[in-house]
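1. Sequence first, predicted coordinates after that:
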Amino acid sequence: MFVLRELELGPGGAGGSSGRGLLGLVLSLGLSLGLSLPAQAAPQVLHSSPHPKAQAAHPAAGKAAPAASLAEPCRQWVPRLPGLTATQCSALKLQPSGTRSVQGRELWMGDVGGRHAHVKVLVLGAIHGDELSASTVALQWMGLAQDNGAEALWRFVPMLNPDGVMAQPARRVNAHGVDLNRNFPTPGWAQEAPRYWAQRTRKDPRRWPGNKPLSEPESRFVHDQMTAFTPDLIVSIHAPYGVLDFDGPTDPPRRLGRLMLDPVGVFPGSLGYYGGMHKGVPVVTIELPNAQRAPLPAETRQMWQDLQRWMGEHLPAKTASAVQPSRSP
Ligand SMILES: [Zn+2]
């Protein structure tokens with residue numbers, strides 16, 4: 001799935017001629033999607049006018065409180081995240097998880113839905129810190145789940161790599177320089193992850209898998225959530241390649257909103273490889289088309305609705321943990 005990332009390296013980076021065509025396809029796809037989308041709210045939401053559609057979807061969006069008056073984490077997040085209004089953020093019931101990043105930032109989370117739901121979903125935003133729109137979408141989905149009721153039990157971790165997000169400029173890796181999405185204990189990690197990094201990425205510092213799997217508090221947190229929360233589905237939100245990827249034991253969603261399924265492989269230490277292929281928990285990987293700009297509210301809602309429709313037809317997957325009788329006949 002993350003070959004797209006490696007291809008970004010270009011000549012002398014990823015190597016392999018087969019990837020170049022894909023890169024062109026991905027770039028042109030991303031460009032066409034990006035160009036077709038009107039600009040939404042600027043990153044500094046508090047100092048600019050939200051897009052009219054954003055106001056329509058969220059009537060109070062224009063009455064944003066000054067960031068300084070907001071409680072944490074919104075005080076930090078609203079000025080940083082594109083398309084997120086103070087009103088949206090403050091309406092969310094976020095809780096401190098008790099786990100902190102390398103630099104001591106809280107990993108905030110929020111549960112929405114019934115404790116006895118048949119399906120549990122873990123939604124992760126911004127495992128890569130320079131993919132700001134990923135956090136926005138995770139937060140806006142949490143708002144949709146709160147507003148509309150939820151048949152599933154959702155656990156949102158909208159900003160898994162806060163040190164990367166809050167760095168100036170934002171960084172893909174965490175504060176130890178580790179690509180968290182290469183730090184999961186996939187089979188053969190000790191040989192494969194360092195070798196892949198050295199040979200395929202040419203020791204790209206943005207893709208360093210770390211010294212050992214689960215060396216980082218942020219990746220350990222995800223691993224602990226998989227053990228304790230036992231999700232039937234993991235959704236990991238990234239940007240900016242504008243595609244949808246899937247790993248796991250059931251039929252993948254063909255599309256979420258404008259994003260079309262385009263599975264492209266597995267990589268040592270990635271969450272998709274670990275969760276989807278090794279642990280048997282379906283992992284939907286979303287690559288939003290723009291890291292700096294959130295999708296329009298209608299697109300965010302469409303992705304959410306498409307995901308729920310697919311969940312109703314395919315979850316719980318037969319081999320997922322904590323399987324209970326399916327609610328569909
Ligand atoms: Zn990413």
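-> Arrived safely, thanks for sending. Numbering: from 1, shown residues only.

2. Kindly report the residues of the chain close to the ion.
-> Within the chain, the residues that sit near the ion (C-beta under 5 Å from the ion) are His128, Glu131, His238. Yep, even glycine has a C-beta here, placed from its N, CA and C like the rest.

3. Was I right to think Pro187 contacts Tyr274?
-> No. Taking C-beta atoms under 8 Å as the definition, Pro187 is not a contact partner of Tyr274, at 9.0 Å.

4. Which one of the two is surrounded by more residues?
-> When neighbours are counted by other C-beta atoms under 10 Å, Pro187 and Tyr274 differ, and Tyr274 comes out ahead with 29 against 11.

5. among the residues of the chain next to the ion, which are in strands?
-> Counted as lying in strands by DSSP state E, out of the residues of the chain next to the ion, are His238.

6. Just the closest residue of the stretch 201-329 of the chain to the ion, please.
-> With C-beta to the ion as the measure, the residue in the stretch 201-329 of the chain that lies nearest the ion is His238; the distance is 3.3 Å.

7. His128 is in contact with that residue, correct?
-> Yes. Taking C-beta under 8 Å as the definition, His238 is a contact partner of His128 at 6.1 Å.

8. anything in contact with each of these two?
-> Contact criterion C-beta atoms under 8 Å, 6 or more residues apart in numbering; residues shared by His238 and His128: Ala134.

9. Strands of the stretch 201-329 of the chain, start to end?
-> With DSSP state E, counting those that start in this stretch applied, the stretch 201-329 of the chain shows strands at 233-238, 243-247, 255-256, 259-260, 283-287, listed in chain order.

10. how about the ones you listed in TSV, adding mean neighbour count and mean pLDDT?
-> Formatted as TSV, the strands of the stretch 201-329 of the chain follow (neighbours: other C-beta atoms under 10 Å; pLDDT from 0 to 100):
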stretch	mean neighbour count	mean pLDDT
strand 233-238	26	98
strand 243-247	24	96
strand 255-256	18	98
strand 259-260	19	97
strand 283-287	25	97
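
11. Distance to Arg172 for these - can I get that in TSV?
-> Written out in TSV, the entries for the strands of the stretch 201-329 of the chain read as follows (distance: least, C-beta to C-beta, whole Å):
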stretch	distance to Arg172
strand 233-238	10
strand 243-247	17
strand 255-256	23
strand 259-260	20
strand 283-287	14
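
12. So for Pro194, which of these sits nearest?
-> When the strands of the stretch 201-329 of the chain are compared for distance to Pro194 using C-beta to C-beta, the nearest one is strand 243-247, at 21.8 Å.

13. other SSEs contacting that closest one?
-> strand 259-260, strand 283-287 (3 or more C-beta pairs under 8 Å, 6 or more residues apart in numbering; DSSP states H and E).

14. which of the residues of the chain next to the ion lies closest to Thr285?
-> Taking C-beta to C-beta as the measure, Thr285 lies nearest His238 of those, at 6.4 Å.

15. Can you name the residues bridging to the residue of the stretch 201-329 of the chain closest to the ion?
-> On the basis of DSSP bridges, His238 takes part in beta bridges with Glu287.

16. quick one, what contacts it?
-> His238 neighbours (C-beta under 8 Å, 6+ apart): Ile127, His128, Glu131, Ala134, Thr285, Ile286, Glu287, Leu288.

17. Can you classify the nearest residue to the second one once chain neighbours are set aside as helix, strand or coil?
-> Pointing back at His128 there. Nearest residue to His128 in three dimensions, chain neighbours excluded: Arg172, at 4.6 Å (C-beta to C-beta, 6 or more residues apart in numbering). In terms of secondary structure, Arg172 is coil; the call rests on DSSP: H, G, I helix; E, B strand; the rest coil.

18. State the phi and psi torsions of Arg172.
-> The main-chain torsion angles of Arg172 are listed as degrees, to the nearest 10 and equal phi -60, psi -40.

19. So it is in contact with Val178, correct?
-> No. In this structure, Arg172 sits apart from Val178 without contact. The criterion is C-beta under 8 Å, and the distance is 10.0 Å.

20. Now do the same contact list for the residue in the stretch 51-200 of the chain positioned nearest to the ion.
-> When scored by C-beta to the ion, the stretch 51-200 of the chain has His128 as its residue closest to the ion, at 3.5 Å. When the contact criterion is C-beta under 8 Å, 6+ apart, the partners of His128 are Ala134, Asn161, Gly164, Arg172, Val173, Asp179, Leu180, Asn181, His238.

21. swap in Arg155?
-> Neighbouring residues of Arg155 by C-beta under 8 Å, 6+ apart: Met109, Gly110, Asp111, Lys120, Val121, Leu122, Val123, Gln225, Phe229, Pro231.

22. In helices, which of those fall?
-> Using DSSP state H to define helices, the subset of these located there is Gln225.

23. Do you have the strands of the stretch 51-200 of the chain handy? List them.
-> So, for the stretch 51-200 of the chain - with DSSP E, counting those that start in this stretch - the strands run 95-100, 106-112, 120-125, 153-157.
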